[in-house]
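J.: Task: produce atomic coordinates for the following.
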Amino acid sequence: MTWHRLLGMALRSLIRNRLRAALTTLGVVIGVGAVIVMVAIGEGAQRVIEQQIENLGTNLIVVTPGSTTVGGARQGAGSASRLTTEDAEFLQRETQLLAHVSPVIATFSQIVGGDGNWRAPISGVDVDYFEIRDWEIAEGRAFDASDLQGKRKVAILGSTVASQLFGDDSDPVGASVRIRNVPFEVIGVLAEKGQTADGGDQDDVVLAPYTTVQTRLSGRQFVAQILGSAYSAEEVGEAQEEVALLLRESRQLGSWEEDDFTVRNQTQIAEAAAGTTETMTVLLASIAGISLVVGGIGIMNIMLVSVTERTREIGLRMALGARGSDVLSQFLIESLVLSAAGGLLGLLLGAGSAFVLSLSTGWAVSLSVSTILVAMGFAAVVGVVFGFYPARRAASLDPIAALRFS
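T.: Purely as a prediction, here's the structure:
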């Protein structure tokens, strides 16, 4: 018997019991829809993280203090404040593979200016910082080498700080703000960067020459981190190794001593952030997939009921010459039609739900072709796996016993 005749018979059988067929596919619809929504949210979050990592800068290399051994326990990055401005200056003088280098001295303070006040992070940086972070100036100018050498009290406001102090429509360039009672002239406003990978606001910051922050605000020689930028993406790995060697030389570490700093590049930061998101996406998709398996069990249950109800029909067909393989194929096709219909409806439901969720919550969602194919493929596999046993049972019926069934 040809496949299109078997398909026609399967469709007629399902149409005769359309309500039962619809209820049977409901489990598959919910399962596929849930998988689509969960994966779309996970992929959207991963895309956002990748974009935020790119916003950190170009060919970025980050040096943080730490990786020391204290009391026999190895400490992680950031566990010891031992990076200094001298380390950054040594890198600037000796590096061959870094295009730009900037220390970052971090502090936190109340800022008073305009019509308000605002508490925000203060970052003391070098003139190279803007190139490293690929951060443009929306209004005014960036500070230059003369501002750095003269330890001038000039500041550049992030867009969030500028908005909080001076309002959305005001131009703060040329105005004065007070940071820890020290007057600073606002010489520029940074272009908007948006959120970081962990949800922080990159625009909630004030930048000033690190020499000024060091002498006027923090009073410390230690720096929170040193940022560098390689000449090209291909040289990031070599530049990272060079930074480690130069820092060991700057800090006069012996060959037997371990690094008391950590050097990471942009790719490693992105992989660490994306790894967490991928794990969460897989977990959510697995939980959603359970409902798809439940839907498959529903298909098996209904197909077994169908075999019992149609025992005399099966016996009559086999008595008239139908082969067991024809009966097997018919019931398998019915199961596949149920799962395929549920998969298509679940795809529409999942895509629509993800779109509505994105509009209502502002979450980023992303639906790839591979995700759609995997979800549909899984639905088809569910139809075959859970439909095979009922189909096999129908095909193995004895025709005489089936005709006597009532």
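J.: so what pLDDT did R312 get?
T.: Residue-level confidence at R312 comes out at 70, pLDDT.
J.: cool, and G114?
T.: So, for G114, pLDDT stands at 83.
J.: Backbone torsions only: list them for it.
T.: Here is the backbone geometry of G114 (degrees, to the nearest 10): phi 60, psi -130.
J.: What separation do you get for it and L83?
T.: From G114 across to L83, the span is 34 Å (C-beta to C-beta, to the nearest Å). In this view, the C-beta of every residue, glycine as well, is placed from N, C-alpha and C.
J.: With neighbour numbers in mind, choose between the two.
T.: L83 (26 against 18; other C-beta atoms under 10 Å).
J.: Quick check, the more buried one in contact with Q225.
T.: Yes: in this structure L83 lies within contact range of Q225 using C-beta atoms under 8 Å: 7.0 Å.
J.: so what sits against both of these two?
T.: With contacts defined as C-beta atoms under 8 Å, 6 or more residues apart in numbering, the residues shared by L83 and Q225 are 63-65, 103.
J.: Domain ranges for the chain, per the record?
T.: 3-52+276-404, 83-259 (automatic domain parsing).
J.: Throw those into JSON lines and include distance to N265, thanks.
T.: Shown next, in JSON lines, are these (distance: least, C-beta to C-beta, whole Å):
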{"stretch": "domain 3-52+276-404", "distance to N265": "15"}
{"stretch": "domain 83-259", "distance to N265": "5"}
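J.: Buried ones in stretch 255-265, by neighbour count?
T.: 260-265 (16 or more other C-beta atoms under 10 Å).
J.: now do stretch 115-127
T.: Those buried within stretch 115-127 under the rule 16+ other C-beta under 10 Å are 118, 120-127.
J.: so how far is it off the chain centroid?
T.: Put simply, stretch 115-127 sits 29 Å off its chain's centre (C-alpha atoms, centre = their mean, to the nearest Å).
J.: Next: stretch 359-373.
T.: Mean-position distance between stretch 359-373 and its chain equals 12 Å (C-alpha atoms, centre = their mean).
J.: change the start of the numbering to 18 and stick with it
T.: All right, first residue 18 from here; so that's stretch 376-390.
J.: Thought V311 was touching A51, still the case?
T.: No: A51 sits out of contact with V311 when judged by C-beta under 8 Å, with a separation of 10.8 Å.
J.: what about those two, which has more around it?
T.: Between A51 and V311, A51 has the larger neighbour count (other C-beta under 10 Å), namely 23 against 14.
J.: what residues does stretch 122-133 touch?
T.: Stretch 122-133 is contacted from outside by 102, 134-142, 178, 181-184, 187, 189, 192-197, 203, 223, 227, 230-231, 234-235, 237, 239-241, using C-beta under 8 Å, 6+ apart.
J.: Just give me how far it sits from the chain centre.
T.: Its chain's C-alpha centre and that of stretch 122-133 lie 32 Å apart, by C-alpha atoms, centre = their mean.
J.: Over to stretch 157-169?
T.: 37 Å.
J.: ditto for stretch 221-236
T.: Here the centre of stretch 221-236 is set off from its chain's centre by 33 Å, with C-alpha atoms, centre = their mean.
J.: what comes up buried for it?
T.: Buried, per 16+ other C-beta under 10 Å, within stretch 221-236: 221-231, 233-235.
J.: Give me the mean pLDDT for it.
T.: For stretch 221-236, the mean confidence score works out to 91.
J.: Could I get the full set of strands for the protein?
T.: 77-82, 86-87, 90-91, 115-130, 133-142, 154-157, 171-174, 193-196, 199-207, 223-226, 242-247, 278-282 (DSSP state E).
J.: Just send the ones you listed back as JSON lines, with distance to S413 too.
T.: JSON lines is the format used below for the strands of the chain (distance: least, C-beta to C-beta, whole Å):
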{"stretch": "strand 77-82", "distance to S413": "65"}
{"stretch": "strand 86-87", "distance to S413": "69"}
{"stretch": "strand 90-91", "distance to S413": "64"}
{"stretch": "strand 115-130", "distance to S413": "74"}
{"stretch": "strand 133-142", "distance to S413": "73"}
{"stretch": "strand 154-157", "distance to S413": "76"}
{"stretch": "strand 171-174", "distance to S413": "79"}
{"stretch": "strand 193-196", "distance to S413": "84"}
{"stretch": "strand 199-207", "distance to S413": "74"}
{"stretch": "strand 223-226", "distance to S413": "78"}
{"stretch": "strand 242-247", "distance to S413": "68"}
{"stretch": "strand 278-282", "distance to S413": "62"}
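J.: between the ones you listed, which one is nearest to S383?
T.: The closest of these to S383 is strand 77-82. By C-beta to C-beta, the value is 24.1 Å.
J.: who touches the closest one?
T.: So strand 77-82 is in contact with 94-100, 104, 115, 149, 239, 241-247, 253, 256-257, 260, 264, 277-283, 286, going by C-beta under 8 Å, 6+ apart.
J.: Mind giving me the ChimeraX select for these, buried ones only?
T.: One line in ChimeraX is enough to select the buried members of the contacts of strand 77-82, burial here meaning 16+ other C-beta under 10 Å:
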select :94,96,97,100,104,115,149,239,241,242,243,244,245,246,247,253,256,257,260,264,277,278,279,280,281,282,283,286
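J.: Give the burial count for the residue nearest to V142 when sequence neighbours are not counted, as a bare number.
T.: Excluding the flanking residues, the one nearest V142 by C-beta to C-beta, 6 or more residues apart in numbering is S119, at 5.1 Å. S119 has 25 neighbours, counted by other C-beta under 10 Å.
J.: for the one 5 residues further on, same thing?
T.: Burial of T124, expressed as a neighbour count using other C-beta under 10 Å, amounts to 19.
J.: Okay, it and R110: tell me how far apart.
T.: Taking C-beta to C-beta, one finds T124 at 26 Å from R110.
J.: Also T42?
T.: From T42 to R110 the distance is 70 Å (C-beta to C-beta).
J.: ok, those two, which is more surrounded?
T.: T42 (28 against 10).
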